[in-house]
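Visitor: When you get a sec, could you give me coordinates for this:
(one chain, ligands or ions: 1)
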Amino acid sequence: MSLIEKIRAKARNSMKRIALPEGDEPRTVAAAKIVAEEGIADPVLITPASIADPANASRLSAYARALYELRKAKGLTEEAAERLVRDPMYYGMMMVKCGDADGLVSGAVHSTGDMLRPALQVIRTAPGMKLVSASFLIECPDTSIGESGLVVYADCVVNPCPDAEGLANIAVATAKTAKGLCGITEPRVAMLSFSTKGSAEHELVDKVRKATEIARSLAPGLLIDGELQFDAALLPEVAAIKAKDSPVAGRANIFIFPDLQSGNIGYKITQRLGGAASFAVLQGLASPCNDLSRGCSVDDIVNTIAATSVQACIPE
Ligand SMILES: CC(C)(COP(=O)(O)OP(=O)(O)OC[C@H]1O[C@@H](n2cnc3c(N)ncnc32)[C@H](O)[C@@H]1OP(=O)(O)O)[C@@H](O)C(=O)NCCC(=O)NCCS
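Guide: The predicted model follows:
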């Protein structure tokens, strides 16, 4: 069974309510029909007409009030909150915030930033998390690597230049995603660098070492090591030479990149040269919200709705 098949099967047991703010978009409408019919989730298609429906007036004003309370310290006025909440994206975020939906999926029309910004402003981070980031779940044809061919990379989407504390947060969040969404029972986290265990000295390497220490203090039970080069983290024969006492080197299934440039480039190389299938999810939000690519298929939307439902079941 592929990872995505496992995720769809898990979602069937949870049937979470997922808000879909692009409720007029044909692929989204088709995906909503499939997830409802297959019992993967309870989809809520949000459209400007459904928001403006007089039967919805009391909910609309409750969301406007709640949005104003959330953002008034940032300068949002009551009038602006009333206007903003009529935008399906903000309406969907308020549904999740107020407990009327368990998660949200969007991005067939909107850009990543258009979806991320309201999620960061309204949903905010989960308790104990300082950053929202994104994991790429990557299935490689070679099943001898990672977790039977499955590896998880982060952060490949959100944070251009995380500091050591941010990087540590990303590592802990990714281990949680690997466990809760991918079923990896023993996350083994490699903190990547161009140095392995002191082979090079630079302030960029210091950042990765510091992040490793912070992550250990945040999650004492987690198998995590750094700084490691990618080959030392992945391959037992290289680990035996460069990092032989490491509990992670040579058997890592989670790879934390030091910044967004390396993370984004890394996943694309794996995908294009390695022939690996990949799938991205956001992590670290107080409730799950996920972004689609604008070129997504109906099947991609169904998969993302399923993953969002499973994330909604992961305990904090
Ligand atoms: C995520 C992103 C959209 C934030 O956009 P922004 O316009 O710079 O937003 P701001 O910096 O004004 O932050 C908005 C809010 O989100 C919060 N925030 C920003 N980044 C955050 C993060 N990673 N985690 C948690 N909160 C974050 C800010 O603290 C701010 O909160 P506040 O309004 O309550 O004070 C921006 O970091 C970004 O564009 N990242 C790269 C995305 C990208 O292009 N990826 C390409 C690969 S697909």
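Visitor: what residues does the stretch 1-150 of the chain put near the ligand?
Guide: Counting by Cβ under 6 Å from any ligand atom, the residues of the stretch 1-150 of the chain close to the ligand are 74, 112, 113, 116, 117, 120, 121, 125, 131, 132. (Glycine included, C-beta is placed from N, CA and C.)
Visitor: Helix or strand for residue 269, just tell me which one.
Guide: Counting by DSSP states H and E, the element that carries residue 269 is helix 260-274.
Visitor: Please save the CA atoms from that helix in CSV.
Guide: Output of helix 260-274 as CSV, limited to C-alpha atoms (Å, rounded to 0.1, in the frame of the first residue of the first chain):
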residue,chain,number,x,y,z
LEU,A,260,14.5,27.2,2.6
GLN,A,261,16.9,27.4,-0.4
SER,A,262,18.5,24.1,0.4
GLY,A,263,15.2,22.5,1.4
ASN,A,264,13.3,23.5,-1.7
ILE,A,265,16.2,22.6,-4.0
GLY,A,266,16.8,19.3,-2.2
TYR,A,267,13.2,18.0,-2.6
LYS,A,268,13.1,19.0,-6.3
ILE,A,269,16.4,17.1,-6.9
THR,A,270,15.1,14.1,-5.1
GLN,A,271,11.8,14.2,-7.1
ARG,A,272,13.3,14.9,-10.6
LEU,A,273,16.6,12.9,-10.5
GLY,A,274,15.6,10.3,-8.0
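Visitor: And the pLDDT at whatever residue of the stretch 1-150 of the chain ends up closest to the ligand?
Guide: Residue of the stretch 1-150 of the chain nearest the ligand, by Cβ to the nearest ligand atom: residue 120 (3.3 Å). On the pLDDT scale, residue 120 is placed at 97.
Visitor: Verify the stated contact: it with residue 130.
Guide: No. Using Cβ atoms under 8 Å, residue 120 makes no contact with residue 130, being 12.0 Å away.
Visitor: ok, residue 185 - contacts?
Guide: With contacts defined as Cβ atoms under 8 Å, 6 or more residues apart in numbering, residue 185 is in contact with residue 179.
Visitor: one step back: please check the residues of the stretch 1-150 of the chain next to the ligand and keep the buried ones.
Guide: 112, 116, 120, 121, 131, 132 (16 or more other Cβ atoms under 10 Å).
Visitor: helix or strand right after the particular helix or strand that has residue 117 in it?
Guide: According to DSSP H and E, residue 117 maps onto helix 112-118. Moving toward the C-terminus from helix 112-118, the first helix or strand encountered (DSSP H and E) is strand 133-139.
Visitor: hmm, back to that, rebuild the residues of the stretch 1-150 of the chain next to the ligand as a markdown table, extending it with distance to residue 138.
Guide: Shown next, in a markdown table, are these (distance: Cβ to Cβ, whole Å):
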| residue | distance to residue 138 |
| --- | --- |
| 74 | 37 |
| 112 | 19 |
| 113 | 24 |
| 116 | 21 |
| 117 | 27 |
| 120 | 25 |
| 121 | 30 |
| 125 | 25 |
| 131 | 21 |
| 132 | 20 |
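Visitor: where does residue 19 land in three-state SS?
Guide: What DSSP: H, G, I helix; E, B strand; the rest coil gives for residue 19 is strand.
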